[in-house]
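structural data only, the sequence is not supplied:
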């Protein structure tokens with residue numbers, strides 16, 4: 001009786017370890033009172049798959065400040081309004097949400113909007129491609145062709161003589 005329980009426990013431990021080792025789940029946050037700040041380190045990127053807003057008159061935005069050598073700051077994504085039944089937007093069709101991917105190093109900020117509830121879903125991932133424009137870390141892939149390339153051969157054409 002104890003042997004099957006031990007086997008199930010061992011199998012469960014392997015599955016749990018695999019989940020922790022390979023899972024990189026999306027995170028969801030509700031923003032109402034304080035700003036959400038996400039730090040994206042070098043060799044990572046941030047994928048935002050959902051950014052919506054309910055209520056408020058101003059539009060919520062995702063701001064990015066690059067912390068690397070390039071520097072700079074910009075608003076990269078505006079919230080999709082989901083409550084268009086009242087106010088000046090009552091006759092508009094529903095909006096289409098967008099996705100955005102940002103490479104690090106950067107600091108992403110979502111400031112709260114007065115009278116609104118913002119909802120964001122994101123995931124930070126390791127940039128395993130690396131390389132960039134310098135070519136460092138890029139492994140060349142040889143391409144083999146099963147047949148040799150065809151080379152044109154000159155042919156003589158006969159022309160009638162008068």
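Done, it's in. Everything numeric in this text was worked out from a predicted model, so none of it was measured.

so what touches stretch 59-77?
When contacts are taken as C-beta atoms under 8 Å, 6 or more residues apart in numbering, the neighbours of stretch 59-77 outside the stretch itself are 31, 42, 48, 51, 53, 78-79, 81, 98, 100, 102, 104-113, 116, 118, 120. The C-beta positions use only the backbone N, C-alpha and C, and glycine is treated the same way.

now do the end-to-end distance for that stretch.
Using C-alpha to C-alpha, to the nearest Å, the gap from the first to the last residue of stretch 59-77 comes to 10 Å.

please apply the same query to stretch 56-71.
Taking C-alpha to C-alpha as the measure, stretch 56-71 stretches 31 Å from start to finish.

before we move on, the earlier item: what about the contacts of stretch 59-77, which are in strands?
If you go by DSSP state E, the contacts of stretch 59-77 have 31, 48, 51, 53, 78, 81, 100, 102, 106-110, 116, 118, 120 in strands.

pLDDT check: weakest of these?
The member of the ones in strands among the contacts of stretch 59-77 with the lowest pLDDT is residue 81, at 86.

tell me the bridge partners for that one.
Residue 81 forms beta bridges with residue 53, as assigned by DSSP bridges.

sorry, back to before: from the contacts of stretch 59-77, list just the buried residues.
A residue is treated as buried here by neighbour count (16 or more other C-beta atoms under 10 Å); on that basis the buried members of those are 31, 48, 51, 53, 79, 81, 102, 104-106, 108, 110, 112-113, 116, 118, 120.

show me where pLDDT drops low in the chain?
Under the criterion of pLDDT under 70, the regions of the chain flagged as low confidence span 1-2, 4-24, 84-94, 129-162.
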